[in-house]
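Asker: Just a sequence and a predicted model for now, questions to come.
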Amino acid sequence: QVQLVESGGGLVQPGGSLRLSCAASGSIFSINVMGWYRQAPGKQRELVAAITSGGSTNYADSVKGRFTISRDNAKNTVYLQMNSLKPEDTAVYYCNADKVRATRWGNYYDYWGPGTQVTVSS
């Protein structure tokens with residue numbers, strides 16, 4: 001079993017910055033992709049950014065140039081640096097670990113964190 005623990009959410013003014021962290025713990029041999037999703041009230045959950053174990057990244061168009069995702073494979077931790085925040089970035093942000101294996105030849109599993117609230121408001 002794998003647990004994801006997010007931190008770093010909170011209230012920030014428009015134009016401000018926040019850094020989210022997500023640490024995965026438990027029986028982990030490898031994690032293929034780690035990412036951040038968000039869900040605003042009344043909207044579907046959407047991908048914000050993702051990063052592979054090799055460092056390839058993917059961003060939603062709405063955050064390109066403002067958000068940066070990074071990863072520490074040794075610590076099974078993913079980060080999301082969010083700059084120039086806008087009110088429309090307000091949402092619950094969820095960490096995702098995709099294709100996680102507990103052993104080299106084990107099955108793949110997908111895990112989610114409980115979410116952390118990000119509110120951008122003056």
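Answerer: On my side now, so go ahead.
Asker: Please make it C-alpha for all contacts and neighbour counts, starting now.
Answerer: Will do.
Asker: For the residue nearest to Gly15 when sequence neighbours are not counted, which residues are in contact?
Answerer: Distance criterion CA to CA, 6 or more residues apart in numbering; nearest residue to Gly15, sequence neighbours excluded, is Ser84 at 4.1 Å. Neighbouring residues of Ser84 by CA atoms under 8 Å, 6 or more residues apart in numbering: 14-17, 66.
Asker: In helices only, show me those residues.
Answerer: If you go by DSSP state H, the contacts of Ser84 have nothing in helices.
Asker: Got a quick PyMOL command for the buried subset of these?
Answerer: To isolate the buried ones among the contacts of Ser84 in PyMOL, judged by 16 or more other CA atoms under 10 Å, type:
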select buried, resi 14+17
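Asker: next helix or strand past the one helix or strand Gln3 maps to?
Answerer: Per DSSP states H and E: Gln3 is located in strand 2-7. Under the assignment DSSP H and E, the closest C-terminal helix or strand after strand 2-7 is strand 10-12.
Asker: What are the buried residues along that next one?
Answerer: Val12.
Asker: Kindly report the same for stretch 102-114.
Answerer: For stretch 102-114, by 16+ other CA under 10 Å, it's 102, 111-113.
Asker: just those now: which is nearest Arg45?
Answerer: Using CA to CA, the shortest approach to Arg45 within those belongs to Trp112, at 12.3 Å.
Asker: my read: that closest one touches Val5, true?
Answerer: No - taking contacts as CA atoms under 8 Å, Trp112 lies outside contact range of Val5: 9.1 Å.
Asker: quick one: the helices in this protein?
Answerer: Under DSSP H, the chain gives no helices.
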